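Colleague: Let's see this in three dimensions:
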Amino acid sequence: MASIVVAVCLWIYIALPDKESKQVKFRLDKIDLPDKFVVTEMPSEMFFDVNGTREEIQSLTNIVATVELRNAITGKHDYSVLFPRSISKLVIGAPYTVKVKIENLLSKELPVALDVAGSLSDRDKVLQAPTAIPARVTVTGAESLVNKVSRVEGIVDLNAIAVDDPKDLPVILEAFDSESRPVSRESDRVESFRIFPERVSVRPILLPAPSEKSIVISPTIEGAPAPGFVIESVTAIPNQVSVRGPSAMLAQLRNLRTEKVDISGLTASKRYSVALRLPLSIQAVGAGKSVMVEVKVKALLVTPTSKK
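Modeller: Modelled structure (predicted):
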């Protein structure tokens, strides 16, 4: 009788496949998210503990687990992870949850601002102030990002204009905040942030180039030197620049401002390379679009008080 029991146990040991435990990485996808929300933080993949035969575990490739978001609310909360029925029996340690950040989906409409870069191949022509088609676009995405957007801008590449037969140019748009930082790049990590349409058309209208004019440069300073120091002088180098543009605009142009130079905490004289703020259709000739701004500071003299 004992030999029969031993034989049965040996048969079970041989017949039943060996099982093993292992951590396997699954991709994560969301389901049932209400249209009024957008996901701003959620891992794209996650490791799970599984137990099964070697063949079963080896078959677990490109598996997608889903995050149930039917009852989503704004904020960062835990949500259930669901597994395909065929493999749920292999997953141990269930139920699993994952932290997901949800925000309200927001949209707002903004006008398109255009700037220019490069130069026309024919210096005897200039570009009339360009207009975007359409002139307004819609920014849609997470509330925290859309609220940051203060303008939507595109760059018209003058090098791409065929001066003999100018055709409509596609211009890709980018969103910026009030401090000219690109919100679009921050949104690369956030699903559903977009500008619609993401590009506009510009119909180039070329005009005969007017005569050049020399314009005085006025540096723009912000901030203050360190305590105990004062500004002695602020000088643009060069202090004038030759520009070209429509005659009517040149007639009204008295000076050119630079971008802001932050001198906060300055304790010694310093030179800054600063871009010029050129109006649309005005082009700098020769020196380019930037100048040096020299800020000289000096220490305040402290007069000692006499003792009586």
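
Colleague: show me the contacts for the closest residue to Lys125 other than its chain neighbours.
Modeller: Spatial nearest neighbour of Lys125, chain neighbours left out: Leu206 (4.5 Å); criterion: C-beta to C-beta, 6 or more residues apart in numbering. For the C-beta atoms, the positions are set from N, CA and C on the backbone; glycine is no exception. Residues in contact with Leu206 (C-beta atoms under 8 Å, 6 or more residues apart in numbering) are 120, 125-128, 161, 163, 166.

Colleague: swap in Arg254?
Modeller: By C-beta under 8 Å, 6+ apart, Arg254 lies in contact with 215-216.

Colleague: make it 10 Å
Modeller: Applying C-beta atoms under 10 Å, 6 or more residues apart in numbering to Arg254 gives the contacts 215-216, 218.

Colleague: From those, pick the one nearest Pro279.
Modeller: Comparing the contacts of Arg254 against Pro279 with C-beta to C-beta picks out Ile215 as the nearest, at 10.6 Å.

Colleague: Test my guess that the closest one contacts Ser242.
Modeller: Yes. Here Ile215 reaches Ser242: they are 7.7 Å apart, a contact under C-beta atoms under 10 Å.

Colleague: Give the residues shared as contacts by those two.
Modeller: Residues touching both Ile215 and Ser242 (C-beta under 10 Å, 6+ apart) are Ala284.

Colleague: still on that earlier bit, in terms of pLDDT, where does the residue nearest to Lys125 sit?
Modeller: Note on Leu206: pLDDT of 87.

Colleague: so what's it bridging to?
Modeller: Leu127 (DSSP bridges).

Colleague: Next, find the distance separating it from Pro166.
Modeller: Computed as C-beta to C-beta, to the nearest Å, the Leu206 to Pro166 distance reads 6 Å.

Colleague: same thing with Met42?
Modeller: According to C-beta to C-beta, Met42 and Pro166 sit 46 Å apart.

Colleague: next one: Phe47
Modeller: Applying C-beta to C-beta, the value for Phe47 to Pro166 is 57 Å.

Colleague: Neighbour count for these two, which is higher?
Modeller: When Phe47 and Pro166 are compared for neighbours, Pro166 comes out ahead with 17 against 10, by other C-beta atoms under 10 Å.

Colleague: List the buried residues in the lengthiest strand in the chain.
Modeller: Ranked by residue count and defined by DSSP state E, the top strand of the chain is strand 96-117. Of all the residues in strand 96-117, those buried under the rule 16 or more other C-beta atoms under 10 Å are 96, 98, 100-103, 105-106, 110, 112, 114, 116.

Colleague: those helices in the stretch 1-150 of the chain, which residues are they?
Modeller: Using DSSP state H, counting those that start in this stretch, the helices found in the stretch 1-150 of the chain span residues 2-15, 54-58, 85-88, 143-146.

Colleague: what's the least confident stretch among the ones you listed?
Modeller: Sorting those by mean pLDDT places helix 2-15 lowest, at a mean of 48.

Colleague: what residue ranges in the stretch 101-250 of the chain score low on pLDDT?
Modeller: Across the stretch 101-250 of the chain, the ranges flagged by pLDDT under 70 are 184-191, 210-211.

Colleague: Now do the strands in it.
Modeller: Using DSSP state E, counting those that start in this stretch, the strands found in the stretch 101-250 of the chain span residues 125-127, 132-133, 136-142, 151-157, 169-176, 194-196, 199-202, 206-208, 213-222, 229-237, 240-244.

Colleague: May I see these organised as JSON lines, with distance to Leu256 added?
Modeller: Output for these, formatted as JSON lines (distance: least, C-beta to C-beta, whole Å):
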{"stretch": "strand 125-127", "distance to Leu256": "17"}
{"stretch": "strand 132-133", "distance to Leu256": "25"}
{"stretch": "strand 136-142", "distance to Leu256": "29"}
{"stretch": "strand 151-157", "distance to Leu256": "20"}
{"stretch": "strand 169-176", "distance to Leu256": "22"}
{"stretch": "strand 194-196", "distance to Leu256": "30"}
{"stretch": "strand 199-202", "distance to Leu256": "24"}
{"stretch": "strand 206-208", "distance to Leu256": "21"}
{"stretch": "strand 213-222", "distance to Leu256": "5"}
{"stretch": "strand 229-237", "distance to Leu256": "9"}
{"stretch": "strand 240-244", "distance to Leu256": "6"}
